[in-house]
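Student: Output the structure for:
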Amino acid sequence: MTTLNVAFLGAGSIAKDHLYAYKKDGRAKVTWLCDTNLERAGKLAQEYDIPNVTADYTEALQDPKLDFVDIMAPNFLHKPMAINAMNAGKAVLCEKPMALNAQESQDMVDEARSTGQRLFVKYHQRFDPVHALARKMLETGEFPKPVMALATLFGNHLPSMLNASHWRGVPSLTGGGCLFSSGSHIIDLLRFFFGDVQAITSVNRQLIANNPEKGDDNASVILEFKSGIIATFVGCWTTNTWSRSYKWWNEDRTMYIYQDETKANRLDVEEGNERKNLLVAPDWARQSHSIAISHFLDQMLKDALPYYPLEECVKSMKTLELAYKSSAEGCRILVD
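Tutor: Reported below is the predicted structural model:
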């Protein structure tokens, strides 16, 4: 069996989920760990028997045995890291959000096209079994077309927003605050479920953090889809609870996607007075990372077609960008 060599560009908390995925799949080995925090990188490399550690990721790109990079660095580094890797003849797996804005994202796509290198942006929540089933039910008509949808995300990121030295919420490093970092998953999933967006109305504000160097800590976005569905996303980083949920409904049924106390993802459908559970996905976040990474390895080793084209990723970035524009200008924005 062919084993690919991968370099991790970033050794933050998400790296352990990626390490779990590669070990479970067995078709790729992490041979480089690249992070400016050498102490953190060294500890992780020792724990997982990774042979090479460096603060300069371009050193890893010079390795002729390296097949691809897995970018988990802060968002502002995604574009330069991806472009440098592709120019060095390496394929790229990149965490979401794709970059800081839609133009940077398009630049990455253009580079992939010109170099012929594979580029895949890992919107791992699209691979979660619960989310995949929900989309299938919408596509097949098993759940008839919804009229309205509501997506919510509540979390306590206030300590890091109040910490002036923490990267979270700094637009130059991450692209934005609550709407950009958390909303990038939610809005992409809403597009995954319901298709292209035709209009956006958004209000995103910094209500609690009181830090002009940081972005929004609360956001509310109304998305009007070309299919006729209207969806609302509400994001809050200033609560002491943690929850994420989706709900949509038509005149007969309601679908619920939510996390239970074990952090499993669940899908329920309610009709009349009866509510049934259709699927439970235990440890859904780690499992969806694994499924997404295995899919990328299928692309590398079996020339499998990507689950979604790069243009989808750029559209999700553009939707985020227009949501910020809507809030800044105080108006409804039409999507080209």
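
Student: what does the helix or strand harbouring residue 219 contact?
Tutor: Assigned by DSSP states H and E, residue 219 belongs to strand 218-225. With CB atoms under 8 Å, 6 or more residues apart in numbering as the test, strand 218-225 has contacts from 177-179, 183, 187, 190, 194-208, 230-238, 319, 323, 326-327. Placement of C-beta: from N, CA and C, glycine included.

Student: Ok, stretch 155-171 next?
Tutor: By CB under 8 Å, 6+ apart, the list of residues contacting stretch 155-171 reads 74, 173-174, 176-178, 180-182, 208-211, 213-217, 236-243.

Student: Wait, residue 296 touches residue 95, no?
Tutor: No. Counting by CB atoms under 8 Å, residue 95 is not a contact partner of residue 296; they are 11.8 Å apart.

Student: what's near enough to touch residue 17?
Tutor: For residue 17, the contact set (CB under 8 Å, 6+ apart) comprises 285, 286, 289, 290.

Student: Who wins on neighbours among these?
Tutor: residue 289 (23 neighbours; other CB atoms under 10 Å).

Student: Helix, strand, or coil at it?
Tutor: State at residue 289, reduced to three classes by DSSP: H, G, I helix; E, B strand; the rest coil: helix.

Student: any low-confidence regions in the protein?
Tutor: By pLDDT under 70, the chain contains no weakly predicted segment.

Student: Farthest out from the centre of it, which residue is that? Tell me.
Tutor: What lies farthest from the middle of the chain is residue 273; by CA atoms, centre = their mean that is 35.2 Å.

Student: Which residue, other than its chain neighbours, is closest to residue 38?
Tutor: residue 55 (5.4 Å; CB to CB, 6 or more residues apart in numbering).

Student: that older thread, quick check: strands, which of the contacts of strand 218-225 are part of them?
Tutor: Within the contacts of strand 218-225, residues falling in strands by DSSP state E are 197-205, 230-236, 238.

Student: Now which of these would you call buried?
Tutor: With burial judged by 16 or more other CB atoms under 10 Å, the buried subset of the ones in strands among the contacts of strand 218-225 is 197, 199, 200, 201, 202, 204, 231, 233, 235, 236, 238.

Student: Please convert these to JSON lines, extending it with distance to residue 156.
Tutor: Supplementary listing: those in JSON lines, determined by distance: CB to CB, whole Å:
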{"residue": "197", "distance to residue 156": "29"}
{"residue": "199", "distance to residue 156": "32"}
{"residue": "200", "distance to residue 156": "27"}
{"residue": "201", "distance to residue 156": "27"}
{"residue": "202", "distance to residue 156": "23"}
{"residue": "204", "distance to residue 156": "18"}
{"residue": "231", "distance to residue 156": "25"}
{"residue": "233", "distance to residue 156": "19"}
{"residue": "235", "distance to residue 156": "13"}
{"residue": "236", "distance to residue 156": "9"}
{"residue": "238", "distance to residue 156": "7"}
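
Student: which of those residues sit farthest apart?
Tutor: Greatest spatial distance in those: 199 and 238, 27.7 Å, computed using CB to CB.

Student: distance between the ends of stretch 188-207?
Tutor: 25 Å (CA to CA, to the nearest Å).

Student: next one: it to chain centre, how far?
Tutor: Distance of stretch 188-207 from the chain centroid (CA atoms, centre = their mean, to the nearest Å) equals 14 Å.

Student: my guess is residue 315 is in a strand, correct?
Tutor: No. Read with three-state DSSP, residue 315 is helix and lies in no strand.

Student: Let me see the contact set for it.
Tutor: Contacts for residue 315 (CB under 8 Å, 6+ apart) come out as 191, 196.

Student: Perfect, that will be all.
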